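> Here you go, sequence then predicted model.
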Amino acid sequence: MLLDRINAVNDIKKIDPEDYPALAEEIRQFLIGHISKTGGHLGSNLGTVELTMALHLSFQLPEDKIIWDVGHQSYTHKLLTGRKDQFDNLRKFGGMSGFPKRKESNCDSFDTGHSSTSISAGLGLVKARDIQGQKNSVISVIGDGSLTGGMAYEALNNAAKLETNFIIVLNDNNMSISENVGGISKYLNNIRTANAYLDIKEGVYNTLKDIPRGDRIVEGIRKAKSGFKQLVVPGMFFEDMGITYLGPVDGHNIPAMLRMFQEAKRVRNTVIVHVITQKGKGFEPAERHPARFHGAEPFDTETGIPLNPRTTANYTDIFSTVMCKLGARNEKVVAITAAMPDGTGLRRFRNMYPDRFFDVGIAEEHAVTFAAGLAVGGLKPVVAIYSSFLQRAYDQIIHDVCIQNLPVVFAVDRAGIVGSDGETHQGIFDLSYLSSIPNMHVMAPKNKWELSDMMKYALSLNAPVAIRYPRGEAYAGLKEFRAPIESFHAEAIYLEKDVCLLAVGSMVKTAEEVRRLIREAGYGCSLINARFVKPIDEKAVEYAKKHHGITAAMEENVASGGYGERVREYFDTLPGEGELLNFAIPDEYVEHGNVDLLKKEIGIDAESIAGAILARLKERE
Ligand SMILES: Cc1ncc(C[n+]2csc(CCOP(=O)(O)OP(=O)(O)O)c2C)c(N)n1
Ligand SMILES: CC(=O)[C@@H](O)[C@H](O)COP(=O)(O)O
Ligand SMILES: [Mg+2]
């Protein structure tokens, strides 16, 4: 096996060039074999095998710096930098991350996870290099999807005036997670098509040259080609900015890329190398369904069929269904996604109401201000964005939506611990960052029915509302508790003495288990579903304080600025013996791993919470 000879960075340079195709094939089989068991970002990694090999052959790591945009395509890079043995624990708690991590390897030069950051970070590394008189290369690898993000253009604008070498590799597979969208995607498509056209022409020239008077015909065509070239010359958009454009080059042809990277190294300014790759290459199901294999759960390597198909609805499914119903009821309802029509469940809405659906690309900031414009224009926008990606649009939420008190509904998916994607993707800040904004309403459903009810309620409010719900299975318990949503009121589920649990969203399910354990220990226990995190229901807090024992505020969010802190602000002003304990995520980042395991680690699982409450009750007795 060629892979057996790759145990450390730069070992690839010892491989005979004739063996590169065989090595690429071994890497593909390795990735398919491992990701089929652990899950992970399959399609993007299969597409970048040769590209990564060419980069590692052309540059000297760790001195040269490669920055992987998003970082979900960095598995081959991990393999080629001595991390082969860690793939069994890919994205598992304590195991190797699915993204580049500087703490994991000195060959990972910048941590990523969110898109469109690589050019800014790369430019920073270039400037740091130049100021310190260093000579290394800096290479930012960005996908065509990530090139729809505004930050990439801010960085290109800045990089255009550079007078030293900075290499940007545009990894163009004509896909974001789903189909790529917008003007830039169309522009890149034109380059690809024109390139294919020019290739065909080369074939025609060669044939014509061999026939009588063929030379003169070829000359005529060349002239026509020049005119054509003026219209569609590859990369003029970048060239006009002052950035050198090279390519396009076949991203599965290692010798061609090696030549291109040598040329790129000689450029004395910012240079874009446009590389064409195929997402999912080498695994037929992923080639046919690139969106499905973008982020894969464990699957059968023969068929690509998931090993553990889902049998229950998740919150995204519920949101998807309710959006279709709301769209039918009210034609002013419009839906916006930032490049996640599948992840957010909006594809069905798009299929039913294509004119009222907008995929704006990986552009969360724009999505929010665009929604504000739609609201001012008289429509009812619903913006569906994952909790951690919505962090991008904080100013837009304040400046464009909330100051004007506009009726924009934020469907905040993946709120809470998301699991294997780790630090960059945990949705653990939204309750804090949203609750601190005047005019904003923040809600969280306890179960699948409540998500539907909250969506309907949110659209009836003439103000900004955020509804946050977690990744994964929608809770189907507590069905019998479905009191209508009333403005800013919590929902009483069980009322007893001793202990009172005030739980937010996903934590209501945990609270049921906490309550069971507390009652088993001989205490009474109330359970209140908070429903609103902002404004908080003060009556519920007053009721909680009447318990002489412990009140526990429970949330899947950081403690700082979260629900518990808001409760405490009021709780401490009230008379009574009761004591408040906050159960939330401590002031640290939560790494990747199984969700239940992570909750246990940080002490927000049922056993930990019940144990802490019972211990405190005993101390008080
Ligand atoms: C700010 C932000 N929004 C959304 C995402 C989710 N996301 C991850 S990869 C991806 C598509 C990236 O497309 P591209 O850069 O072309 O890479 P490919 O997956 O095609 O390899 C998206 C939308 C993200 N990581 N960061
Ligand atoms: C890399 C990235 O940001 C996305 O692919 C993300 O991993 C999707 O997460 P979900 O699997 O929760 O949709
Ligand atoms: Mg792409």
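Received, thanks. What you see is a predicted model, and the numbers here were worked out from it, not measured in a lab. Ligands and ions are numbered 1, 2, ... in the order given.
> show me the residues around residue 77 that make contact.
52, 55, 56, 66, 68, 100, 107, 108 (C-beta atoms under 8 Å, 6 or more residues apart in numbering). For glycine as for every other residue, the C-beta is placed from the backbone atoms N, C-alpha and C.
> swap in residue 403?
residue 439.
> Can you point out the buried residues in stretch 147-163?
147, 148, 149, 151, 152, 155, 156, 159, 162 (16 or more other C-beta atoms under 10 Å).
> Switch those over to JSON lines; also include distance to ligand 1.
Shown next, in JSON lines, are the buried residues of stretch 147-163 (distance: C-beta to the nearest ligand atom, whole Å):
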{"residue": "147", "distance to ligand 1": "7"}
{"residue": "148", "distance to ligand 1": "8"}
{"residue": "149", "distance to ligand 1": "7"}
{"residue": "151", "distance to ligand 1": "9"}
{"residue": "152", "distance to ligand 1": "10"}
{"residue": "155", "distance to ligand 1": "14"}
{"residue": "156", "distance to ligand 1": "15"}
{"residue": "159", "distance to ligand 1": "18"}
{"residue": "162", "distance to ligand 1": "22"}
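> Just the closest of these to ligand 3, please.
For the buried residues of stretch 147-163, the residue nearest ligand 3 by C-beta to the ion is residue 147; the value is 8.5 Å.
> burial of the nearest residue to residue 298 once chain neighbours are set aside, as a residue count?
Nearest non-adjacent residue to residue 298, counting by C-beta to C-beta, 6 or more residues apart in numbering: residue 307, 4.5 Å away. Residue 307 has 11 neighbouring residues, counting by other C-beta atoms under 10 Å.
> which residues sit in contact with whichever residue of the stretch 451-600 of the chain sits closest to ligand 2?
Among the residues of the stretch 451-600 of the chain, residue 471 lies closest to ligand 2, at 5.3 Å counting by C-beta to the nearest ligand atom. Neighbour list for residue 471: 314, 315, 413, 414, 416, 418, 419, 427, 595 [criterion: C-beta under 8 Å, 6+ apart].
> and which of those is nearest residue 115?
residue 414 (15.0 Å; C-beta to C-beta).
> Kindly list the main-chain dihedrals of the closest residue in space to that closest one that isn't next to it in sequence?
In space, and not counting its chain neighbours, residue 414 is closest to residue 386: 4.1 Å by C-beta to C-beta, 6+ apart. Listed backbone geometry of residue 386 is phi -60, psi 150, with angles given as degrees, to the nearest 10.
> Can you name the residues that contact residue 386?
Contacts of residue 386 by C-beta under 8 Å, 6+ apart are 340, 343, 344, 412, 413, 414, 425, 427.
> what's around the second one, how many residues?
A total of 23 residues lie near residue 343 under the criterion other C-beta under 10 Å.
> Over to residue 4. Which of the three states is it?
Look at residue 4: counting by DSSP: H, G, I helix; E, B strand; the rest coil, its state is helix.
> and it, what pLDDT?
As predicted, residue 4 sits at a pLDDT of 97.
> Ok, residue 192 next?
The model's pLDDT for residue 192 equals 85.
> can you check residue 468 too?
Reported pLDDT for residue 468: 98.
> tell me the phi and psi of it?
Torsion angles, degrees, to the nearest 10, at residue 468: phi -110, psi 140.
> What residues are bridge-paired with it?
residue 412 (DSSP bridges).
> For it, give me its contacts.
387, 412, 415, 416, 427, 430, 431, 434, 442, 443, 444, 505.
> if I look at the closest residue to the fifth one other than its chain neighbours, how far off is residue 338?
What sits nearest to residue 427 in space, not counting adjacent residues and going by C-beta to C-beta, 6+ apart, is residue 387, at 2.7 Å. Using C-beta to C-beta, to the nearest Å, we find residue 387 at a distance of 13 Å from residue 338.
> Of those two, which one has the most company?
residue 338 (31 against 28).
> mind listing the strands in the stretch 201-350 of the chain by residue range?
244-250, 270-276, 333-337 (DSSP state E, counting those that start in this stretch).
> Pipe the ones you listed into a markdown table and attach mean pLDDT, mean neighbour count and distance to residue 11 per row.
Putting these into a markdown table (pLDDT from 0 to 100; neighbours: other C-beta atoms under 10 Å; distance: least, C-beta to C-beta, whole Å) gives the following:
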| stretch | mean pLDDT | mean neighbour count | distance to residue 11 |
| --- | --- | --- | --- |
| strand 244-250 | 96 | 21 | 25 |
| strand 270-276 | 97 | 26 | 23 |
| strand 333-337 | 98 | 25 | 42 |
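> Kindly reformat the ones you listed as CSV containing distance to ligand 2.
CSV is the format used below for these (distance: least, C-beta to the nearest ligand atom, whole Å):
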stretch, distance to ligand 2
strand 244-250, 24
strand 270-276, 20
strand 333-337, 12
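> can these go into a markdown table with extra columns for distance to residue 365?
What follows is these, written out as a markdown table (distance: least, C-beta to C-beta, whole Å):
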| stretch | distance to residue 365 |
| --- | --- |
| strand 244-250 | 27 |
| strand 270-276 | 23 |
| strand 333-337 | 12 |
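> For residue 520, which of those is the nearest?
strand 333-337 (44.8 Å).
> Within the sheet, what are the partner strands of the closest one, with directions?
strand 357-359 (parallel), strand 380-386 (parallel).
> most tightly surrounded among the ones you listed?
Highest mean neighbour count among the strands paired with strand 333-337 (mean count of other C-beta atoms under 10 Å): strand 380-386, with a mean of 27.
> what's the average pLDDT for it?
Strand 380-386 comes out at a mean pLDDT of 98.
> And the top strand by length along the chain, what does it pack against?
What stands out as the longest strand in the chain, according to DSSP state E, is strand 550-558. The helices and strands touching strand 550-558, judged by 3 or more C-beta pairs under 8 Å, 6 or more residues apart in numbering; DSSP states H and E, are helix 430-435, strand 499-503, helix 507-520, helix 563-571, strand 579-585, helix 606-620.
> so can I have JSON lines of the ones you listed showing distance to residue 535 and mean pLDDT?
As requested, these are arranged in JSON lines below (distance: least, C-beta to C-beta, whole Å; pLDDT from 0 to 100):
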{"stretch": "helix 430-435", "distance to residue 535": "9", "mean pLDDT": "98"}
{"stretch": "strand 499-503", "distance to residue 535": "14", "mean pLDDT": "98"}
{"stretch": "helix 507-520", "distance to residue 535": "19", "mean pLDDT": "98"}
{"stretch": "helix 563-571", "distance to residue 535": "9", "mean pLDDT": "98"}
{"stretch": "strand 579-585", "distance to residue 535": "18", "mean pLDDT": "98"}
{"stretch": "helix 606-620", "distance to residue 535": "25", "mean pLDDT": "97"}
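> Check these for me and report the most buried one.
Taking mean count of other C-beta under 10 Å, strand 499-503 is the most buried of these, at a mean of 29.
> just how off-centre is that one within its chain?
33 Å (C-alpha atoms, centre = their mean, to the nearest Å).
> Residues touching it, excluding its own?
Residues contacting strand 499-503 (C-beta under 8 Å, 6+ apart): 446, 490, 510-511, 514-515, 518, 523-530, 540-541, 543-544, 547, 549-555, 563, 567, 578, 613, 617.
> and ligand 3, which of the residues you listed contact it?
Contacts with ligand 3 within these, as defined by C-beta under 5 Å from the ion: none are present.
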